[in-house]
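> sequence? don't have it. structure:
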């Protein structure tokens, strides 16, 4: 009997009941909001600001920029809008100031005797007498002279005169502490012109400036006084060349012919004889010219360099801000468009960038300014037109990587338009880099304008630091020791550029997380 083996069939377990996968409902608004929040999570303003302020360069740059901004606002509020044309470029406005005078504080460092500029304003007469021919009005300007060095000038400025019939007679004298009364000048006033009607006005439009230390009347009077008061004393042969010193000094007792300063209280008397009591004299001014002047001294025209340096702050910030902002706006927009659009658009933009970036900007600026005129707006326009290609090329290379990323692909899958993707998903990721580049543009614009001004091609109606440097080198100020004319504007240009560079350095960790310090 043979054993028969029946094959066993494999047992199959009963099937497990399965359910269909749940339907996933995608909310487009939620996805876009998530994409946008992820894209901007690493560069949210609070964290970026905190990272910026923890940097030493960021705090230093921000402090310098804030200081420049405050100075610029103060200048805009206190200076007239036409300061450049009406004051800085008008030599008559600075006529009473000493030429090439160093700052007041320089005398402390050098230890040399100095005479500060003294201005006395006189509005009302100290004495009025009635005479048969009219009135005699006496205006007095006291001057306390306590310096061991002679002044550089003595100037009377008449700011206005009104008379009804006959022109007034004006006589000027100096009362010295040793009892001397020196006749300085007789000021002529032109009478009525043919066809002119009363009241007659003089010196209102252009003040009458009388240099009292240059008058032959004063030379004759001081010579007679020395001969009477100090007989036998040796005086300079050409006393007119040292007239200011002679008016405020005495002959040296050692017979050397030197004039030594005479300390004491002086007084300039201005006697005005009017024919009609209705005649008026506007407030007059007596200026004792000093050997030092103000905080930063004067230039060859007597201009107050401190005022020019302060006015340069808003001009420098205007050049830096507008040029950098417009260049960045153009460069970033074209770079994003070029990188995201591709194709013919990309080729056109890149070829234009290559051509413009290879044009030498400074020679082109010199050529355009020489042809079209020296205007600040023209300089800024050329700088903007030829500064954007570099940023366009850099931004395009970044956008080429971002457009293939998951964030852009997700937004594209949701049906977002090209413009929306570029605005909402591409721009936020390149924005920190764009801001850093904009700050880098600023010092370049300032240096470009300074270079043009140094070459004599700056806008003459707007004083800038570059123009002050050019004027100093053109007149040889540095070679004859007038350092206060050249060094301050150069230092301010460097400090302004340094402020923007510090801000840019502080933004580098914000732009590139790899540069952030751990912990």
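Nice, thanks for sending it over. Quick caveat, the model's predicted, so the values are computed rather than measured. Residues are numbered from 1 along each chain as shown.
> count residues in the vicinity of residue 107, would you?
When neighbours are counted by other CB atoms under 10 Å, residue 107 registers 17. The C-beta positions use only the backbone N, C-alpha and C, and glycine is treated the same way.
> show me which residues of the helix or strand where it lies are buried.
Counting by DSSP states H and E, the element that carries residue 107 is helix 106-110. For helix 106-110, burial by neighbour count (16 or more other CB atoms under 10 Å) applies to 106, 107.
> give the other helices and strands that it contacts.
Helices and strands touching helix 106-110, as assessed by 3 or more CB pairs under 8 Å, 6 or more residues apart in numbering; DSSP states H and E, are absent.
> which one is residue 210 nearest to, not counting chain neighbours?
In space, and not counting its chain neighbours, residue 210 is closest to residue 156: 4.5 Å by CB to CB, 6 or more residues apart in numbering.
> grab the nearest non-local neighbour of the most centrally placed residue in the chain.
Closest to where the C-alpha atoms of the chain average out (CA atoms, centre = their mean) is residue 312, at 0.9 Å. Leaving aside its chain neighbours, residue 312 sits nearest to residue 465 (4.5 Å; criterion: CB to CB, 6+ apart).
> what about the one you found, how many residues nearby?
Around residue 465 there are 27 residues (other CB under 10 Å).
> likewise for residue 469?
Residue 469: 24 neighbours (other CB under 10 Å).
> check which helices and strands the lengthiest helix in the chain sits against.
Counting by DSSP state H, the longest helix found in the chain is helix 305-341. Contacts defined by 3+ CB pairs under 8 Å, 6+ apart place helix 305-341 against helix 56-78, helix 343-357, helix 376-385, helix 389-402, helix 418-421, helix 427-454, helix 465-474, helix 483-511.
> which residues touch the third one?
Around helix 376-385, the neighbours that count as contacts under CB atoms under 8 Å, 6 or more residues apart in numbering are 315, 319, 322-323, 326-327, 330, 356, 361, 364-365, 368-369, 372, 445, 448-449, 452, 458-459, 462.
> that helix to helix 305-341, inter-axis angle?
Interaxial angle, helix 376-385 versus helix 305-341 (axes from the mean of the first three to the mean of the last three CA atoms, to 10 degrees): 30 degrees.
> pLDDT of helix 376-385, averaged?
Averaging pLDDT along helix 376-385 gives 88.
> mind listing what's buried along that helix?
Buried residues in helix 376-385 (16+ other CB under 10 Å): 376, 378, 379, 380, 381, 382, 383, 384, 385.
> which of those residues lies closest to residue 200?
Closest approach between these and residue 200, by CB to CB: residue 376, at 42.2 Å.
> how far does the helix holding residue 107 sit from the chain's center?
Relative to its chain's centre, helix 106-110 lies at 26 Å (CA atoms, centre = their mean, to the nearest Å).
> begin at 32, not 1, for the rest of this chat.
OK, 32 is where the count begins now, so the last one is helix 137-141.
> what mean pLDDT does that helix have?
Taken as a whole, helix 137-141 carries a mean pLDDT of 85.
> contacts for it?
Residues outside helix 137-141 that contact it (CB under 8 Å, 6+ apart) are 144, 145, 323, 328, 515.
> check which residues of stretch 321-339 are buried.
The neighbour-count check on stretch 321-339 (16+ other CB under 10 Å) flags 321-325, 327-330, 332-339 as buried.
> again, but for stretch 88-103
Within stretch 88-103, the residues scored as buried using 16+ other CB under 10 Å are 88, 89, 91, 92, 93, 95, 96, 99, 102, 103.
> remind me which helix or strand residue 185 belongs to.
Under the criterion of DSSP H and E, residue 185 resides in strand 184-189.
> each with direction, which strands does the helix or strand following that strand pair with?
Elements were assigned by DSSP H and E; along the chain past strand 184-189, the next helix or strand is strand 192-194. Neighbouring strands of strand 192-194 in its sheet, by DSSP bridges, are strand 231-233 (antiparallel), strand 311-312 (antiparallel).
> now strand 192-194, how far from the chain's geometric center?
On CA atoms, centre = their mean, the centre of strand 192-194 falls 40 Å from that of its chain.
> one more: stretch 260-270?
What separates the centre of stretch 260-270 from the centre of its chain is 49 Å, taken as CA atoms, centre = their mean.
> mind listing residues that contact that stretch?
Here stretch 260-270 makes contact (CB under 8 Å, 6+ apart) with 209-211, 250, 253-254, 257, 273, 277, 281-284, 286-288, 290.
> list buried residues within the residues you listed.
Buried among these by 16+ other CB under 10 Å: 211, 250, 253, 257, 273, 277, 281, 282, 290.
> any chance of these in JSON lines, plus distance to residue 201 and secondary structure?
JSON lines is the format used below for those (distance: CB to CB, whole Å; DSSP: H, G, I helix; E, B strand; the rest coil):
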{"residue": "211", "distance to residue 201": "21", "secondary structure": "coil"}
{"residue": "250", "distance to residue 201": "19", "secondary structure": "helix"}
{"residue": "253", "distance to residue 201": "20", "secondary structure": "helix"}
{"residue": "257", "distance to residue 201": "26", "secondary structure": "helix"}
{"residue": "273", "distance to residue 201": "26", "secondary structure": "helix"}
{"residue": "277", "distance to residue 201": "23", "secondary structure": "helix"}
{"residue": "281", "distance to residue 201": "28", "secondary structure": "strand"}
{"residue": "282", "distance to residue 201": "30", "secondary structure": "strand"}
{"residue": "290", "distance to residue 201": "28", "secondary structure": "strand"}
